[in-house]
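structure for this input, please:
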Amino acid sequence: MPIVSKIVIIYLMRITIKISGEAIGNGDGGYDFDMLSKISDQIKELKDKKCEILIIVGGGNIFRGANIYKELDIKRTTADYMGMLATTQNGLVLRDFFITNGIKTILSVSMTMEQIAESYIPNRIKHKLDTGSVVIFSGGIGLPYFSTDIAVVQRALEMDSDYIIMTKNNVDGIYDKDPNKEKDAKKYDKITTTEILEKNLSFADSTAISLMRENKLKAKVVSLFDISKATEDGVGTEIIPD
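This next block holds a predicted model:
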């Protein structure tokens, strides 16, 4: 009887990546094919480096609840749920685009949507990672008043991620002021979570930064075009939980 050998892939790092909705949207309600292709290619490169990949996608290209609920005089909770639905739409686009381009991918949503996505059950999601799937999370953490930034940190912690990568559209790291508006803006190669909070740097939700500090979770802020190189020294800004 022939002996069947089982090939076991050893992954070197588990990474949680935040991708904003604006990164994949083209501004008129559609999607940017070229950007989706660039992101897909970089995810493949990370997979080739033996990284397990979790992705949290935003929904700002479709809907921003923080602005709408005031303009339309609707409940903040309603607007937040609408924002979660927007992230799910983006998650569906990313999932199918990745699959079409040869990346084994599942979408996990924090709300009940069994017809279109996996429910968020942590142990089940970890099993999907073990089988080589990229996992996309949408719907934030499924509760109003909590940002996508908070969802990034929460999912990274619950999934035992080694690292968070937060991507930015037109910036290659954290600066002391907006480099697109101020020529003398200074880039930080490394910065602590305490410094971020003390300097009130607005690149991410302060509650998410505090959660990273409390749980000693490492992170980097990089350009969208540096996702595949984010684990390398000298790329982006490293956030040190102090």
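
quick check: the residue nearest to Tyr163 when sequence neighbours are not counted vs Asn61, distance?
For Tyr163, ignoring the flanking residues on the chain, the nearest one in space by CB to CB, 6 or more residues apart in numbering is Ile15 at 5.0 Å. Any C-beta I mention is one placed from the backbone N, CA and C, and that applies to glycine too. Here Ile15 is placed at a distance of 23 Å from Asn61 (CB to CB, to the nearest Å).

next one: Thr192
Thr192 sits 31 Å away from Asn61, going by CB to CB.

if we can go back for a sec, which element is the residue nearest to Tyr163 on?
Element membership of Ile15 [criterion: DSSP states H and E] is strand 13-19.

pretty sure Glu52 contacts Ile17?
No - between Glu52 and Ile17 there is no contact under CB atoms under 8 Å: 11.1 Å.

give me the common contacts of the two.
Common neighbours of Glu52 and Ile17, counting by CB atoms under 8 Å, 6 or more residues apart in numbering, are absent.

ok, now which ones touch Gly58?
Gly58 sits next to Lys18, Ile19, Ser20, Gly21, Glu22, Thr87, Asn90, Thr148 when contact means CB under 8 Å, 6+ apart.

before we move on, the earlier item: more crowded one of Thr192 and Asn61?
Asn61 (23 against 15; other CB atoms under 10 Å).

now that one. Nearest residue, chain neighbours left out?
Among residues not flanking Asn61 along the chain, Gly25 sits closest, at 2.7 Å (CB to CB, 6+ apart).

so that neighbour versus Arg76, what's the distance?
Computed with CB to CB, the distance linking Gly25 and Arg76 is 23 Å.

three-state assignment of Glu52?
strand (DSSP: H, G, I helix; E, B strand; the rest coil).

and it, how far from Thr16?
10 Å.

thinking again about what came up before, and which of the contacts of Gly58 is nearest to Tyr120?
Thr87 (12.8 Å; CB to CB).

okay, now that closest one: neighbour count?
Thr87 has 26 neighbours, counted by other CB under 10 Å.

just checking, what's the longest helix in the chain?
Secondary structure of the chain per DSSP state H: the longest helix is helix 76-100.

tell me which residues of stretch 133-151 are tucked away?
For stretch 133-151, burial by neighbour count (16 or more other CB atoms under 10 Å) applies to 133-141, 144, 146-151.

what's the farthest-apart pair in those?
Ser133 and Pro144 (29.0 Å).
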